[in-house]
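1. let's see this in three dimensions:
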Amino acid sequence: MSDAGERPSVDSDAWAKACAEDLEAEKARRRARDGAEPGSAAEEFRKLFEAVADKVSGLKSPLAGMAAQSAVQQFVNQAKAAVEPVIERNPQVFDHLAAAGNELLAAYRSAVEGQERRWTREEPGRPEKGDPRDEGPGPGESIDLD
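-> Predicted coordinates:
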């Protein structure tokens, strides 16, 4: 029997290894289900642009005459001609834009989480939950449904 103070030897990286294995297994499942992983931000933008252009070009309305459909097709072709060189010459710009978007999202989440913590924390002098004087939340306070 071992001493109460003794600890069995534990691989300090076991958790990290297990997480990495789980992540790889999840990626493999998603690749099998969805196909290839997404490409660079520039490739994904090109795919999005082409899908939107195809959808807009494919819209056929009986109210819009041939001239309107021709104008839409011409607009789509001009937009493709303008966007393709930008994507080809500066693919890293889209990676930077994607990273900037992620940073903005993280900043927004941080602000919202901080505000939620302020809304939900108990403040001194405020009646405790279940106190007969607790008449519900005041203006700008969240409602606890528990």
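2. the nearest residue to residue 39 once chain neighbours are set aside: how many residues sit nearby?
-> Closest residue to residue 39 apart from its sequence neighbours, by Cβ to Cβ, 6 or more residues apart in numbering: residue 47 at 7.9 Å. Any C-beta I mention is one placed from the backbone N, CA and C, and that applies to glycine too. The number of residues packed around residue 47, counting by other Cβ atoms under 10 Å, is 12.
3. tell me which element residue 47 falls in.
-> Take DSSP states H and E as the rule and residue 47 turns out to sit in helix 41-58.
4. averaged pLDDT, that helix. What do you get?
-> Across helix 41-58, pLDDT averages out at 82.
5. could you measure residue 120 against residue 110, distance?
-> Relative to residue 110, residue 120 is positioned 16 Å away (criterion: Cβ to Cβ, to the nearest Å).
6. which residues touch residue 51?
-> By Cβ atoms under 8 Å, 6 or more residues apart in numbering, residue 51 lies in contact with nothing.
7. residue 80 and residue 46 touch, don't they?
-> No: Residue 80 is beyond contact range of residue 46, at 9.7 Å (criterion: Cβ atoms under 8 Å).
8. between those two, which one's more packed in?
-> residue 46 (19 against 13).
9. packing partners of the helix or strand where residue 106 lies?
-> In the assignment (DSSP H and E), residue 106 maps to helix 91-120. Packing partners of helix 91-120 (3 or more Cβ pairs under 8 Å, 6 or more residues apart in numbering; DSSP states H and E): helix 41-58.
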